[in-house]
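> coords please:
(one chain, ligands or ions: 1)
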Amino acid sequence: MSFKMTYHERNVENIEKLGDKTKQVAKKWYEWCVKNKIDILIYETIRTKEQQMENIKKGVSQTMRSYHLVGQALDFVPVINGKVDWNGYSRPEIKKAIAYAKSLGFTWGGDWKTLVDKPHLQYDKIPYGADTFNGKSVSSSDELPLSKGEKGNKVKELQTKLNQLGYKLVVDGIFGNATEKAVKDFQKANGLVVDGIVGEKTWGKLLTVIEQKSKSTPTNSYVTYKVKRGDTLWALAKQYQTTVNEIKKLNNLKSDTIYVGQTLKLPNKYAPVYYTVKKGDTVWEIAKKYGVSIEQIKKLNNLKNYTIYPNQKLRIK
Ligand SMILES: [Zn+2]
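Model (predicted):
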């Protein structure tokens, strides 16, 4: 009876994301682990710049020069009796697996003197960023223009940016039909040449639109409020002429529970309210969401009809 890892499918899927050379060596290591019935979960391999920035903010990574960014590192955790064991790195079989990885050319983060990183194996036998993806170098797929058929981190970055603007894309680093369609829609909505190719102009426009979007909440648009006994999000939403979801979004609340003494940001009911149109929105839906009439939205924005476009900033109140 052959041994199968608990997370075999996920492991294989993650290994596939690595750079060509690193993948080859990682596969060899993985097969050795299978042969020796050492159960592991490879939970992360490639990372986008955004993810790495997040990790630095959270304090789990220290540098933007991560081997994960260039497909030359993987993070794994021992699996004991079908469960991940974050304390399992000193088990004899895991030590053996790590020793074998090192013999293949991997550097283990558990050997580091500062910021010990036990899950981390990086393939630095070849220089940083020297691995390729399907024969293409990282640096070349990291460059503009990007078009259909391209793969890599820059494509992931593009997909992440388009998602920020409401185009719903799977961030897989593969520039396929869906990504091309989103790029064309974005170009159309922003008065650019609609060719589905991301050159300097389209990239630059993406950056400005995202920046504008992040600035689109005026500072006088909310007031701070200290929660009193008996307050509920529902009642506050009604009182401040907003919705429970808007309050949750404004305060990053995961649930509807609020506490006495908690400080909440609430929309300033006297300040104008704006909304940035997302792909697929209609004036009717927006009006319903904010409890206003479609005529009001039309009037406040001098609209000729009810046609709206993604990224268009509408005044609601
Ligand atoms: Zn790592």
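> With adjacent residues omitted, what lies nearest to residue 183?
residue 196 (5.1 Å; CB to CB, 6 or more residues apart in numbering). No exception for glycine: its C-beta is placed from N, CA and C like everyone else's.
> wait, what's in contact with the one you found?
147, 148, 180, 181, 183, 184, 187 (CB atoms under 8 Å, 6 or more residues apart in numbering).
> can you check residue 202 too?
183, 186, 187, 192.
> Kindly give the local confidence score, pLDDT, for the second one.
Going back to what we said before, that points to residue 186. pLDDT for residue 186: 96.
> Is it within a helix or a strand, and which one?
In the assignment (DSSP states H and E), residue 186 maps to helix 177-189.
> any idea how far the residue nearest to residue 183 is from the ion?
34 Å (CB to the ion, to the nearest Å).
> and residue 75, which of the three is it?
strand (DSSP: H, G, I helix; E, B strand; the rest coil).
> So what's the residue count around the closest residue to the ion within the stretch 1-150 of the chain?
Residue nearest to the ion within the stretch 1-150 of the chain (CB to the ion): residue 120, separated by 3.4 Å. The number of residues packed near residue 120 is 23, by other CB atoms under 10 Å.
> surely it meets residue 111?
No. Between residue 120 and residue 111 there is no contact, the gap being 9.9 Å when judged by CB atoms under 8 Å.
> Torsion angles phi and psi at residue 123?
Backbone torsions of residue 123, given as degrees, to the nearest 10, read phi -100, psi 90.
> where's the closest residue to it other than its chain neighbours, which helix or strand?
Using CB to CB, 6+ apart and skipping residues adjacent in sequence, the residue nearest residue 123 is residue 22, 4.2 Å away. Per DSSP H and E: residue 22 is located in helix 20-35.
> For the residue nearest to residue 123, give me its contacts.
Applying CB under 8 Å, 6+ apart, the residues contacting residue 22 are 71, 72, 73, 123, 131.
> if we go to 10 Å?
Neighbouring residues of residue 22 by CB atoms under 10 Å, 6 or more residues apart in numbering: 15, 45-46, 67, 70-74, 105-106, 121-126, 130-132.
> Equivalent analysis for residue 13, please.
7, 42, 45.
> what's the answer for residue 201, then?
Residue 201 neighbours (CB under 10 Å, 6+ apart): 144, 145, 187, 190, 192, 193.
> Just the pLDDT for the last one.
This means residue 193. 91.
> ok, it - contacts?
Applying CB under 10 Å, 6+ apart, the residues contacting residue 193 are 187, 199, 201, 202.
> roughly how far apart are the first one and the ion?
Here residue 187 is placed at a distance of 36 Å from the ion (CB to the ion).
> Isn't that residue up against residue 167?
No. Applying CB atoms under 10 Å, one finds residue 187 not in contact with residue 167, separated by 11.6 Å.
> Before I go, just wanted to say thanks for your time.
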